[in-house]
Each structure stands twice: as structure tokens, then as C-alpha cells.
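Participant: only geometry, no sequence info:
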Ligand SMILES: O=C(O)C(=O)C[C@@H](O)CO
Ligand SMILES: [Mg+2]
């Protein structure tokens, strides 16, 4: 089998989006003086879909959501020429070829996200060529079904958050993640508002349900050290991305500070990046995203590293490219799940572009072992609500 074409299309949402509420999610831009929507730079309203075509008519599908227009340029101008004419089963060689040829300016960020998209498509191709789901090419079925946690609860009116939390309980979820809305700029009053939101959700869900807390890089080390002890009483399953991804020593200090596990990794890349996090005991939960970290080839290596360090892997975002990694290893106990709803931040767009992602039943998802590859197809339902850039 030889690769004959790489088609990268940018799907840009032009449909209805739900405007953000103030303080709906703390984030790295909050540290800067600014007015208005600091989450603006963390919108994922574009998604690059990669189709790898072969000489026997099979097409593998990959995706990348970070800087999708730039990712397309990197794929078209740098990566496609490296893989066209090659055998997709030589995926390790092709990964090294893409990684080493872009090392000078790649390694992390959008270049590695672009490599991830092609790599995911290669694994989809290998699954389709062998008639097996991707997880059967990795480590097979390690779980009867995958537990997942409902992930939204953006910071809004506390009563609304309580109603949303209750709705996840009603759907059978026994774990959910909420977002903080305040950080260092908001002072002690913001600390109080952060604590009140956790107390409000705990009031509804009790303590027999896992509650994860998401900071999305919106704090700093000093603020996190002050608030962490105050959060212990709420027994969070983890506190996520309290500081920026480059502050690895800050992660490590926080991870030793209290009983609260610190999680991160959705903004880290390759096994080399995760080796640093693990060597420094910087995280107690690894959360790479397979469409960022280096694709399935890199994620599979991180799973092995994590197992050796006894650090669980709970990939960012759920979505099919991550579910196969979770299914294939005991190192990954559960998946994230973004509830399907109107387009807000853009994490939801996956469901508008693709079909095939499993719907949770009572807080679990399963993968169909009779569906080869990733088990995804491109949806026709919402095409008129996208601008598509070829
Ligand atoms: O789901 C997460 O962990 C994220 O970081 C998503 C991001 O959009 C903030 O909610
Ligand atoms: Mg996160």
C-alpha cells in the first residue's frame, strides 16, 4: 500500500455560537491586563481534517484543532511531501521523518499537532486495511467499557451550575469536571468565588462522585499555593493546569504541596515532553491529547512511560482519537467526555464534523470492535454551517 495524496481541509464554523459569559473559564490570558473575553484565544471554531489517500482506495482520517489554518500550511508545504509514496504501515519511520525534518521549528505546538493529524490518519488507514479497530492494533480491549467524566460546568451562576451538575448525575455520570472563573487578578474575593463554586457543586453531587477542577493555566504558582489548602476539604479528583505548561517546576511543587493530585499535559508534546513531567513528578494524572501530542504513535509511547511511573493517563477531550488509546491500556482508567451542545468554546465541534463518536450510556462509552480504524466518518449534517478551506 502506498500513500498517494494528503488532503487537508480547514472546517471553519460559521453557525450559531453561544457567547461566553464573563469569568466562564480562567485561562492564561487572565494574567495580562485586558478587557473583555480573555478566552478569545482559546476558541476552537476551526478544525483541520486530514484525509490520507492510498493507491488501493483506502482513506485514513486525522484531525487537528490547534491553529488549524497554520496546521494545514505545515501539512501541505512540509509534511505531505515526506509521506506521499510511502507505506502507512511504516508509521514509526514516517513519524520520525516528520518529526526530525521539522525539529528546528517544530517539536511542540502546531507543528506537532500537524504531525499528529497525519499520524492519526495513518492508524485509521492501518485499521481499515486490516479490518480491525485501532485499539486492537495497540493493546486490544483492556476494559469491558470505558468510564467517562462529564466535562463542562463552565463558571456561571451557581444555581445554573448546580442544575447542570444534577443533569450529569441524572444521566448516570459518577464523575464530572468544573471550571474556575477567577484567578490572581480577582484577589481574595475571587478566591471566595472559586471556593463557593466548588462548594455549590459538591452540595449537589455529594462526595461519592468524583469532581475534577479545571484552571486552564489561569493561575500562577503563588495563587495556587494559597488556594490549594482551601480546596482540600472538597476532595477533588485532581486540579488541572494550575500554571502554564512551561512551569514544570511549579507543577512539581504544587503536586507535592497537598493531597490534591495535580493533572496536566494537554499542552505538552511527545514522549520527551512527558518524560520531563514524569521525572519531576510534576503531574499525578497525564492528559495528553492525541491530536496534539504526536498522534497515536506518540500517545502509545507516553502510555508505556506512564505505566512505568504508575501515573494514570486520562487524555484531554475524549473524542475517538483518544478513546482508542484509553481502551488499549490499563494505564488509562477513564476518558473525558464533552457533552454535546451548542458551539461555545469549540471543543463541541468534533460532533459537528465527524460521526461515529460513541454516546455515553450511564457514564460509560464503548468502542465497536467491528468498526475498522478509528470508526469515524465525515458528517454531512452540518456542512452548510462551515466554511471549508481546501
Ligand atoms: O477539557 C479540558 O481539559 C480543557 O482544557 C478544555 C478547554 O477548552 C477548557 O475547558
Ligand atoms: Mg484542561
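Facilitator: Cool, got the structure. Keep in mind the model is a prediction, meaning the values are calculated, not measured. Numbers count the residues shown, from 1 in each chain. Ligands and ions are numbered 1, 2, ... in the order given.
Participant: show residues contacting stretch 99-110.
Facilitator: With contact meaning Cβ atoms under 8 Å, 6 or more residues apart in numbering, stretch 99-110 is reached by 66-67, 70-71, 74, 78-79, 82, 111-112, 115, 268-270, 273, 294. The way it works is simple: take the backbone N, C-alpha and C, and place the C-beta from them, glycine included.
Participant: pLDDT of that stretch, averaged?
Facilitator: The average pLDDT within stretch 99-110 is 97.
Participant: quick one: buried residues of that stretch?
Facilitator: Neighbour counts over stretch 99-110 (16 or more other Cβ atoms under 10 Å) mark 99, 102, 106-110 as buried.
Participant: then stretch 44-59?
Facilitator: Neighbour counts using 16+ other Cβ under 10 Å place 44-54, 58-59 of stretch 44-59 among the buried residues.
Participant: show me which of the residues you listed is closest to residue 30.
Facilitator: Closest approach to residue 30 among these (Cβ to Cβ): residue 44, at 18.4 Å.
Participant: just give me the closest of the buried residues of stretch 44-59 to residue 152.
Facilitator: Taking Cβ to Cβ as the measure, residue 44 is the one of these closest to residue 152, at 14.2 Å.
Participant: which residue packs closest to the closest one, ignoring adjacent ones?
Facilitator: residue 346 (3.1 Å; Cβ to Cβ, 6 or more residues apart in numbering).
Participant: the one you found: neighbour count?
Facilitator: By other Cβ atoms under 10 Å, the residues close to residue 346 number 17.
Participant: how about the one 4 residues further on?
Facilitator: Counted with other Cβ under 10 Å, the neighbours of residue 350 add up to 23.
Participant: and the helix or strand it falls within, how far out from the chain middle?
Facilitator: Assigned by DSSP states H and E, residue 350 belongs to helix 350-353. With Cα atoms, centre = their mean, to the nearest Å as the basis, helix 350-353 stands 14 Å off its chain's centre.
Participant: repeat that for stretch 274-293.
Facilitator: 12 Å.
Participant: and it with ligand 1, contact?
Facilitator: No. Using Cβ under 6 Å from any ligand atom, we find that stretch 274-293 stays clear of ligand 1, coming within 6.6 Å at best.
Participant: next, the buried residues of that stretch.
Facilitator: When burial is assessed from 16+ other Cβ under 10 Å, stretch 274-293 yields the following buried residues: 274, 277-278, 282-293.
Participant: so for that stretch, what's the average pLDDT?
Facilitator: The average pLDDT for stretch 274-293 rounds to 98.
Participant: what's the helix holding residue 350 packed up against?
Facilitator: Helix 350-353 sits against strand 46-54, with contacts defined as 3 or more Cβ pairs under 8 Å, 6 or more residues apart in numbering; DSSP states H and E.
Participant: residue nearest the centroid of the protein?
Facilitator: With distances taken as Cα atoms, centre = their mean, residue 316 lies nearest the centre of the chain, 2.7 Å away.
Participant: where does that one fall, secondary structure wise?
Facilitator: Per DSSP H and E, there is no helix or strand for residue 316.
Participant: quick check: closest non-adjacent residue to it.
Facilitator: Spatial nearest neighbour of residue 316, excluding adjacent residues (Cβ to Cβ, 6+ apart): residue 266 at 3.6 Å.
Participant: and that neighbour, how far from residue 368?
Facilitator: In this view, residue 266 and residue 368 are 26 Å apart by Cβ to Cβ, to the nearest Å.
Participant: for residue 349, same thing?
Facilitator: In this view, residue 349 and residue 368 are 23 Å apart by Cβ to Cβ.
Participant: more crowded one of these two?
Facilitator: Neighbours of residue 349 and residue 368, each counted by other Cβ under 10 Å, are more numerous for residue 349; the result is 27 against 10.
Participant: contacting residues around the more buried one?
Facilitator: Contacts of residue 349 (Cβ under 8 Å, 6+ apart): 11, 13, 44-45, 47, 65, 343.
Participant: interface residues of the chain facing ligand 1?
Facilitator: Residues of the chain lying near ligand 1 (Cβ under 6 Å from any ligand atom): 25, 42, 151, 179, 214, 216, 240, 266, 316-317, 336, 345, 347.
Participant: which among those residues gets closest to residue 356?
Facilitator: residue 317 (15.4 Å).
Participant: got a list of what that closest one touches?
Facilitator: 266, 289, 336, 338, 347, 350.
Participant: specify which member of those residues is nearest to residue 20.
Facilitator: For those, the minimum distance to residue 20 (Cβ to Cβ) is 13.0 Å, reached by residue 347.
Participant: the helices in the stretch 251-390 of the chain, which residues?
Facilitator: All helices of the stretch 251-390 of the chain, identified by DSSP state H, counting those that start in this stretch, fall at 270-279, 290-293, 295-308, 320-327, 350-353.
Participant: tell me the most buried of the ones you listed?
Facilitator: Ranked by mean neighbour count under mean count of other Cβ atoms under 10 Å, the helices of the stretch 251-390 of the chain are led by helix 290-293, which reaches a mean of 31.
Participant: which residues are contacting that one?
Facilitator: With Cβ under 8 Å, 6+ apart as the contact definition, helix 290-293 has outside contacts at 62-66, 112-113, 116-117, 120, 265-270, 273-274, 296, 299, 302, 315-316, 319, 321-322, 325.
Participant: go with 7 Å
Facilitator: Helix 290-293 has contacts (Cβ atoms under 7 Å, 6 or more residues apart in numbering) with 63-66, 112-113, 116-117, 120, 266, 269-270, 296, 299, 302, 315, 321-322, 325.
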